[in-house]
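*Asks:* I would like to see how this sequence folds:
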Amino acid sequence: MDPILVVGFCIVGLAAGTISGLLGIGGAVIIIPALIYIFGFDQKTAQGTSLALMLPPIGLLAVLSYYRAGYIRLLPAVIIAVSFTIGGFLGSKLSVKIDVNILRKGFACLLLITAIRLLLKH
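*Replies:* Predicted structure coming up:
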């Protein structure tokens, strides 16, 4: 693989991890647009790659920091994680069948709605 690409992927990973740990957002909000607009991935490949990269780390060190500071409630986290795993499986099955343009627009709408709600919250 081209070393420049490796450095670019490292920068995206570092930025997404830092922002995720800082703001508690999912890294995909940063990673998917970066894979599409900087690296030329299509929507489905960007989503699949984002999910694949999340498997090993899932913010292990960030979780450890929050846990040590007393900011994690384990039971809700476990319940949501199990449900998230099932939902992720169902969502991935649906995603590969949906037209890429609909998928991209849905992702964009989700980001837009989230941004507007955050801006308008007092």
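
*Asks:* So the residue most central in space within the chain versus residue 69, what's the distance?
*Replies:* Nearest to the geometric centre of the chain sits residue 28, at 2.1 Å (Cα atoms, centre = their mean). Distance of residue 28 to residue 69, given as Cβ to Cβ, to the nearest Å: 25 Å. Any C-beta I mention is one placed from the backbone N, CA and C, and that applies to glycine too.

*Asks:* same question, residue 98
*Replies:* Counting by Cβ to Cβ, the gap from residue 98 to residue 69 is 40 Å.

*Asks:* cool, residue 20 as well?
*Replies:* Counting by Cβ to Cβ, the gap from residue 20 to residue 69 is 16 Å.

*Asks:* Between these two, point out the one with more neighbours.
*Replies:* The neighbour count for residue 20 versus residue 69, taken as other Cβ atoms under 10 Å, is higher for residue 20 (21 against 8).

*Asks:* Does the more buried one touch residue 63 like I think?
*Replies:* No: shown here, residue 20 and residue 63 do not form a contact pair, counting by Cβ atoms under 8 Å, at 10.9 Å.

*Asks:* ok, and what's touching stretch 40-59?
*Replies:* Residues from elsewhere that reach stretch 40-59 (Cβ atoms under 8 Å, 6 or more residues apart in numbering): 13, 17, 20-21, 27-28, 31-32, 35-36, 88, 92, 95-96, 100, 103-104, 107.
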